[in-house]
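[1] Test case, fold it:
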Amino acid sequence: MKIHIYQFAGYIKVRYMIVKHKILAAQKVVKAVNVVRVVRVVRVVKHTDNLQLKTCPQFFRHCAETGVLLLILIFTSCFFNSCDNRKDPYTGLDNTPVLTVQKLDSVKTCTYLTDSMKIGKPYVFKYNIISFENLPLNIVKTQVTDSVVVSNNLVYVNRLTEGLSEYFLKTTDPFGKAANANVAITFFINLPPVCEFTVTQAGMSIPCEIDINASSSYDQDSRWGGEVINYEYIIGTDYDTKTVLNNIQYIFDGPGQKKITVLCQDNNGTWSSPNTIYFSVTASDTTQNLIKKLSTK
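    As a prediction, the model looks like this:
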């Protein structure tokens, strides 16, 4: 507060010196006019055979007074016009600052940000302060062990254990006016993958063949480098295999309703919950008769 009072006092002092300088300049003009000792104005008076020269000090005095008055009027007009048109450098000095935060991959700003982050990498968000001056940023964290680094309008936060961390941001100007923003980040070690698959009957060229496609499975933390790397296929009670393939074919020994279960594993070694589909396998009469003959031999 004291700093800005001194700045405003300096601003008034400078204004006073400018006005004083202009008044002194006008006074010097008047003095210069008064110190003229000999001035003559030639008046041509026509007579019959000669010209008569006469001095006219009254006329000059009238001109000098008129000139000084004109200078004062010009000076006054310029002074007030310059005051009206001049931009006040202290405009907006007492406005309340504005503090916002935003995600790195978003242009939307807000005063309350929520997100999640996988442990092992810092979470980074951006902050913006709108103020007449460059104001400092203060951050209060709810977890003492959290790491917080501020650099170039970016905040890097990190946590070593799972859980929710909150960060309270605040900036205050010299007048005591403050702006606040909050950030809440949920840190986790790993999110399990999600298994999704489809089953279709391949066709009639090979009896009772099905196609199992699990390519739509995904890892919930793929945003932080997670991916699905393995699949497990459990068909009925006789077939159970693990493979890196997300698509396989299987031939049943006959038509009917079949139970098919698939799981997937991410690169952190975590398996998804099992996903089960009951699929009805069909076959033509010719195919069914052929299967019966083969089964009786």
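[2] So what sits opposite the closest residue to Met117 other than its chain neighbours in the bridge?
    Once flanking residues are discounted, Met117 sits nearest to Tyr123: 4.0 Å by CB to CB, 6 or more residues apart in numbering. Where C-beta positions appear, they are placed from N, C-alpha and C, glycine not excepted. Tyr123 forms beta bridges with Val157, as assigned by DSSP bridges.
[3] Would you confirm that Tyr123 contacts Val149?
    No - between Tyr123 and Val149 there is no contact under CB atoms under 8 Å: 11.3 Å.
[4] between these two, who's got more neighbours?
    Tyr123 (22 against 11; other CB atoms under 10 Å).
[5] how much space is there between Arg223 and Phe175?
    According to CB to CB, to the nearest Å, Arg223 and Phe175 sit 42 Å apart.
[6] Ignore what I typed, I meant Asn213.
    65 Å.
[7] returning to what we had before: need the overlap of contacts for Tyr123 and Val149.
    Counting by CB atoms under 8 Å, 6 or more residues apart in numbering, the common neighbours of Tyr123 and Val149 are 156-157.
[8] Tell me the predicted confidence for Gly203.
    Looking at Gly203, its pLDDT reads 70.
[9] typo on my end, it should be Thr287
    Here the pLDDT value assigned to Thr287 is 52.
[10] How about Lys121?
    For Lys121, the model assigns a pLDDT of 87.
[11] wait, isn't it in contact with Trp224?
    Yes - using CB under 8 Å, Lys121 is in contact with Trp224, at 6.4 Å.
[12] out of the two, which sits in the more crowded spot?
    The residue with more neighbours, out of Lys121 and Trp224, is Trp224; 17 against 11, by other CB under 10 Å.
[13] can you tell me how far that one sits from Leu245?
    Distance from Trp224 to Leu245, by CB to CB: 25 Å.
[14] Same check on Glu162?
    For Glu162 relative to Leu245 (CB to CB), the value is 33 Å.
[15] Show me which positions of stretch 251-261 end up buried.
    252, 255, 258, 260-261 (16 or more other CB atoms under 10 Å).
[16] and if you look at stretch 221-234?
    So, applying 16+ other CB under 10 Å, buried residues of stretch 221-234: 221, 224, 226, 228, 230-234.
[17] Kindly reformat these as CSV and extend each row with distance to Cys208 and pLDDT.
    Below are those laid out as CSV (distance: CB to CB, whole Å; pLDDT from 0 to 100):
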residue, distance to Cys208, pLDDT
Asp221, 39, 92
Trp224, 43, 89
Gly226, 37, 93
Val228, 29, 98
Asn230, 27, 98
Tyr231, 22, 98
Glu232, 22, 98
Tyr233, 16, 98
Ile234, 18, 97
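[18] out of those residues, which are inside strands?
    Of the positions in the buried residues of stretch 221-234, 228, 230-234 sit in strands, assigned by DSSP state E.
[19] What about Thr100, how many residues nearby?
    Neighbours around Thr100, by other CB under 10 Å: 17.
[20] show me the contacts for it.
    Contacts of Thr100 (CB under 8 Å, 6+ apart): 109-111, 127-128, 181.
[21] Pick out whichever of the residues you listed sits closest to Asp266.
    Proximity of those to Asp266 (CB to CB) peaks at Cys110, which lies at 31.5 Å.
[22] Give me the pLDDT for the closest one.
    96.
[23] so what's it bridging to?
    The partner residues for Cys110, given DSSP bridges, come to Val101.
[24] mind checking the end-to-end distance for stretch 242-259?
    17 Å (CA to CA, to the nearest Å).
[25] got the contact list for Phe187?
    116-119, 123, 159, 161-165.
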